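Engineer: Have a look at this fold, sequence not included:
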């Protein structure tokens, strides 16, 4: 991969339990934050059901459109864990028993005194050509194939796999961010935000109103840039405007 | 719309703040749960940035593939609120000042003693042919155009808009659900889950391992069916299996 200023990622969350509302997905938020810190821009998060064709289509679309694709979920031992099968099909490669994965699993189950039975052996099936990703929690590995990283859905295990994967990622230019809380409603500051945003294409301004339960409300203004100088300039202008208009901020 | 047994929905979350990890999206989980309760199946949740072309493409794809599409985010008064513009373009209709919306907003700002300025008037711009959705929190309405429901991103406001929208939705057959917590790991129960899942196409079994911080772990087994009889039968078989194999459950 040629070194670039900016890299892009997509996150594909695989699991009926998210779509039914039974489980609140927090993995995508965790991954997105980690990416932000190393200059990788998350372009899309997509949640899909445990359905083979849907997984294949989404994987092929999102890996083509982004530098990296991270998937979570569906790599356990049960009948609804079909992510590895689907990824192999998406890449048109065989799903084969990976000797290294088999070995890791066999040792782990021996150590914890559980039987390494047929269903557990399913977790050693890895698409041909993939590299294993370490699972420091419960042994069953994730894997990386080309630009696709396949993680477990259990947050603790996903985090362990992400940690093992960071070394494979190209880092982009860091985005500098300033966040200012203003005692105002959006309608009061929208014009200045628009003019600041429009006058310099190297900065990007987001505006996020909040209402807290204790009747505290306001707007969080987030200014971002890969250029620190432009960022400081925009911050200064914005704060001058707030002071002139007697709007409190912190 | 012809009455069907099952309806499908997609949720489109629009907002850079979710993709950067700054904000944990909870709206899609809330909507998915509400849909589950009225027999509407959420097929996809997608998070995209505040970018016009991406919004247009996603809206057109997801509204064609599903009975309903719910969007959240991007309908406030600031420069990064481009959802209404994008939806109008997706439907190839004009974005016009909606007299009803203008009226509601004018009255609201008069009541709270704030100026109904130009940027606030932006929130009265609604795609031609759309129906307004009530916002009982801060007046600025959402809207419905064909099968697309456009909600605000602030959770409290989104909930108010969803409540006002439920009346427009066809309700599907309710899905009955049983959840059983088993003191086991997935590898111990995978074979019985697979055989139960395979023997009756009217039931669907999901298996979700959990690890709590106090070293409590196990598997939540979720059995679903639109037929209560099949569900009870599957539950009975599964619990018999657990008892025979001395596995605790609750």
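Structural biologist: That came in fine, so what should we check first? Computed from a prediction, not measured in an experiment: that's the story for all the values here. Residues are numbered from 1 along each chain as shown, chains lettered A, B, ... in the order given.

Engineer: how about the strands in chain A?
Structural biologist: A:7-14, A:40-48, A:68-72, A:95-97, A:125-127, A:131-133, A:142-145, A:148-151, A:176-182, A:203-211, A:217-225 (DSSP state E).

Engineer: Out of the ones you listed, the one nearest residue A:106 is which?
Structural biologist: strand A:95-97 (11.3 Å; CB to CB). To be clear about C-beta, it is placed using only N, CA and C from the backbone, and glycine gets the same treatment.

Engineer: Show me what the closest one pairs with in its sheet, parallel or antiparallel.
Structural biologist: Next to strand A:95-97 in the sheet, as set by DSSP bridges, lie strand A:125-127 (antiparallel).

Engineer: Go ahead and name everything in contact with the helix of greatest length in chain A.
Structural biologist: Secondary structure of chain A per DSSP state H: the longest helix is helix A:228-244. For helix A:228-244, the external contacting residues (CB atoms under 8 Å, 6 or more residues apart in numbering or on different chains) are A:176, A:178, A:180, A:182, A:189, A:192-193, A:196, A:200, A:202-203, A:205, A:221, A:223-225, A:248-249.

Engineer: That helix to strand A:176-182, inter-axis angle?
Structural biologist: 10 degrees (axes from the mean of the first three to the mean of the last three CA atoms, to 10 degrees).

Engineer: buried stuff in helix A:228-244?
Structural biologist: For helix A:228-244, a neighbour-count test (16 or more other CB atoms under 10 Å in any protein chain shown) marks A:230, A:231, A:233, A:234, A:235, A:238, A:241, A:242 as buried.

Engineer: Mark out where each domain of chain A begins and ends.
Structural biologist: A:7-168, A:176-244 (automatic domain parsing).

Engineer: Please work out which of these is packed deepest.
Structural biologist: Comparing the domains of chain A by mean neighbour count (mean count of other CB atoms under 10 Å in any protein chain shown), domain A:7-168 ranks first with a mean of 20.

Engineer: The nearest residue to residue A:32 once chain neighbours are set aside: what's it in contact with?
Structural biologist: Spatial nearest neighbour of residue A:32, chain neighbours left out: residue B:21 (3.6 Å); criterion: CB to CB, 6 or more residues apart in numbering or on different chains. Residues counted as contacts of residue B:21 (CB under 8 Å, 6+ apart) are A:29, A:30, A:31, A:32, A:33, A:34, A:35, A:36, A:42.

Engineer: how close does residue A:163 sit to chain B?
Structural biologist: 16 Å (CB to the nearest CB, to the nearest Å).

Engineer: What of residue A:233?
Structural biologist: For residue A:233, the distance to chain B - CB to the nearest CB - is 18 Å.

Engineer: likewise residue A:246?
Structural biologist: For residue A:246, the distance to chain B - CB to the nearest CB - is 15 Å.

Engineer: where does that residue fall, phi/psi-wise?
Structural biologist: phi 50, psi 40 (degrees, to the nearest 10).

Engineer: these two touch, right, residue A:143 and residue A:150?
Structural biologist: Yes - using CB atoms under 8 Å, residue A:143 is in contact with residue A:150, at 5.2 Å.

Engineer: Identify the contacts common to those two.
Structural biologist: Counting by CB under 8 Å, 6+ apart, the residues touching both residue A:143 and residue A:150 are A:84, A:130, A:133.

Engineer: Which residues are in contact with the second one?
Structural biologist: This means residue A:130. Applying CB under 8 Å, 6+ apart to residue A:130 gives the contacts A:98, A:143, A:144, A:145, A:150.

Engineer: one more time with 10 Å, if that's ok
Structural biologist: Residues in contact with residue A:130 (CB atoms under 10 Å, 6 or more residues apart in numbering or on different chains) are A:84, A:87-88, A:91, A:93, A:95-96, A:98, A:101, A:141-146, A:148, A:150.

Engineer: that older thread, can you lay out the domains of chain A as JSON lines showing mean pLDDT?
Structural biologist: Shown next, in JSON lines, are these (pLDDT from 0 to 100):
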{"stretch": "domain A:7-168", "mean pLDDT": "96"}
{"stretch": "domain A:176-244", "mean pLDDT": "90"}
